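*Asks:* Quick one, fold the following:
(one chain, ligands or ions: 1)
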Amino acid sequence: MSKNTEVLLNRHDAVLVRGYMPHKNIFGMAGMGYPAFVQRAAGARFWDVDGNAYLDYILGFGPIVLGYDDPAVCNAIADQMARGTVYGLAHPKELDVAELLVEVIPRAEMVGFFLGGSAATSGAVRLSRAYTGRDKVIVCGYHGWHDWARPGDVGVPQPVSALTLAVAYGDLDALEDCLKQHDNQVACVVMETIQAGGPPEGFLQGCVDVAHAHGAVCVFDETKVGFRVAMGGAGEYYGVTPDMATYGKACCNGYAGSFIAGKREILASKACRKAWMTATAHGDPLSLTAIEVVVRELQRRDGIAYQWKIGNRLIEGVNAACEAGGLSYRLIGIGPMPRPVMAESDRTRCLNMLRGCLARGYYLHPTHPMFLSLAHTEADIEDTIAAVGEAIAEARGNHR
Ligand SMILES: Cc1ncc(COP(=O)(O)O)c(C=O)c1O
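*Replies:* This next block holds a predicted model:
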């Protein structure tokens, strides 16, 4: 660990509340030899506080899809900033962007804007409860930090936790059993659409059907997946229509906006019209501007297909290099979201390989799903694959 990083980590605990950023796990990552503090970023790269550059495959945990300093976003944001960053009235851009999203997300009929993925998923739960008049929620995956999404966590009241039930991904029977057990009490099933290696055949449609059979709303949490696997996320990719879907992260290329999109029958119902979901900055013009540019640029540059292309090549190349080198590190899942896995027994060697990649300027994550951007070139991907091979060979050399 560099002196710079050590000094910053020491300052950290004195002034910052730990709980606000555990997912970044900077102490754990620094302990594994990863950089903990970033100084700046541009294109597909970031620079740490020691000036080392890395090709970034985590991209802010998903938001950066066009590239950090994408000129189309920067120019549009600069233009909007000069005209105001928050207003006390509605503005036409809300309608423009909502209409654009309804056009590009299959079968979405209405849209509501939020800030942050957690607020969007909470909005979907609030609306489902309002619509059904029921209190319980079945979750599957990670849906953010709000009370309903973190049952049993420190600081979450027990009566709130008791309203959230959880089921395992891919297990339709477990979902059906849970709905039966809590018959007429479940407002919605909130499903993180792509987990592990992706959904088993028919699973997502099954979730919708089973939820409906029990009078519950089916919400697809597309926070990580939207604008990557397809503009509308896994629902669009697998041809399944949920009642509502939530989006965040990549929709804004690094701005904080998020939104829900769904069926008019629910979202325009009398009960949902009354649900309180307002916040000072919901529908902020900077996020809306970013959404508009992200949609247009993904369309103009065939950005979804490009993420699939380079993501598939990364998976194929890294896995071949690891297999040839006798290492258990693998990328599983689907092209736009390669997910790393490794055998526990082989962890030390895999981490050595990843540190070798870091030393060469390639930031591959040990555990979290990774992401691609339109700023990653095909040459970047080939160089990454070569770096994996070199890092394996180097680690082997060191052991001789
Ligand atoms: C599937 C999913 N839902 C919701 C969230 C919460 O989003 P945010 O961290 O922007 O509040 C995340 C964040 O990682 C997520 O991956």
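
*Asks:* from here on, contacts and neighbour counts on C-alpha atoms
*Replies:* Noted.

*Asks:* what does the stretch 1-150 of the chain have sitting close to the ligand?
*Replies:* Remark: the part of the stretch 1-150 of the chain in contact with the ligand comprises G116, G117, S118, Y142, H143, G144, using C-alpha under 6 Å from any ligand atom.

*Asks:* Confirm that R40 sits in a helix.
*Replies:* No. R40 is assigned strand when assessed by DSSP: H, G, I helix; E, B strand; the rest coil, not a helix.

*Asks:* Could you number the chain from 45 rather than 1 from now on?
*Replies:* Sounds good: first residue 45 from here, last item R84.

*Asks:* Contact partners for I359?
*Replies:* For I359, the contacting residues are R374, L375, I376, G379, P382, by C-alpha atoms under 8 Å, 6 or more residues apart in numbering.

*Asks:* For the fourth one, which residues are in contact?
*Replies:* Pointing back at G379 there. G379 makes contacts with V273, Q351, W352, K353, I354, G355, N356, R357, L358, I359, as judged by C-alpha under 8 Å, 6+ apart.

*Asks:* Show the buried residues in those.
*Replies:* Buried residues within the contacts of G379, defined by neighbour count using 16 or more other C-alpha atoms under 10 Å: V273, Q351, W352, I354, G355, N356, R357, L358, I359.

*Asks:* sorry, back to before: for PyMOL, write a command that selects the buried ones of the residues of the stretch 45-194 of the chain next to the ligand.
*Replies:* With 16+ other C-alpha under 10 Å as the criterion, this PyMOL line picks the buried residues out of these:
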select buried, resi 160+161+162+187+188
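
*Asks:* and the residues of the stretch 45-194 of the chain next to the ligand as a markdown table, adding pLDDT and secondary structure?
*Replies:* Formatted as a markdown table, those follow (pLDDT from 0 to 100; DSSP: H, G, I helix; E, B strand; the rest coil):
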| residue | pLDDT | secondary structure |
| --- | --- | --- |
| G160 | 97 | coil |
| G161 | 98 | helix |
| S162 | 98 | helix |
| Y186 | 97 | coil |
| H187 | 98 | coil |
| G188 | 97 | coil |
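
*Asks:* How many residues are close by F81?
*Replies:* By the criterion of other C-alpha atoms under 10 Å, F81 has 16 neighbours.

*Asks:* Ok, the one 5 residues further on next?
*Replies:* Neighbour count for A86, taken as other C-alpha under 10 Å: 14.

*Asks:* who in the stretch 245-394 of the chain is up against the ligand?
*Replies:* Residues of the stretch 245-394 of the chain lying near the ligand (C-alpha under 6 Å from any ligand atom): D265, T267, K268.

*Asks:* Contact partners for the first one?
*Replies:* If a contact means C-alpha under 8 Å, 6+ apart, then D265 has T165, H187, V234, M235, E236, T237, A289, T290, Y291 as its contacts.

*Asks:* and if you look at C222?
*Replies:* C222 sits next to L209, V211 when contact means C-alpha under 8 Å, 6+ apart.

*Asks:* Next: F264.
*Replies:* By C-alpha under 8 Å, 6+ apart, the contact list for F264 reads V234, M235, E236, T237, G279, P286, M288, A289, T290.

*Asks:* Using a markdown table, lay out those together with pLDDT and distance to A334.
*Replies:* As requested, those are exported to a markdown table (pLDDT from 0 to 100; distance: C-alpha to C-alpha, whole Å):
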| residue | pLDDT | distance to A334 |
| --- | --- | --- |
| V234 | 98 | 26 |
| M235 | 98 | 26 |
| E236 | 98 | 24 |
| T237 | 98 | 24 |
| G279 | 98 | 23 |
| P286 | 98 | 25 |
| M288 | 98 | 22 |
| A289 | 98 | 19 |
| T290 | 98 | 17 |
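
*Asks:* Please indicate which of those are buried?
*Replies:* Neighbour-count burial (16+ other C-alpha under 10 Å) applied to these gives V234, M235, E236, T237, G279, P286, M288, A289, T290.

*Asks:* if we take the residues of the stretch 45-194 of the chain next to the ligand, which one ends up nearest to N363?
*Replies:* Using C-alpha to C-alpha, Y186 is the member of those that lies nearest N363, at 26.6 Å.

*Asks:* which strand residues sit across from the residue lying closest to the closest one once chain neighbours are set aside in the sheet?
*Replies:* Computed as C-alpha to C-alpha, 6 or more residues apart in numbering, the closest residue to Y186 that is not its neighbour in sequence is E236, at 6.8 Å. Listed beta-bridge partners, E236: D265 (assigned using DSSP bridges).

*Asks:* Surely E236 is in contact with G188?
*Replies:* No. Taking contacts as C-alpha atoms under 8 Å, E236 lies outside contact range of G188: 10.9 Å.
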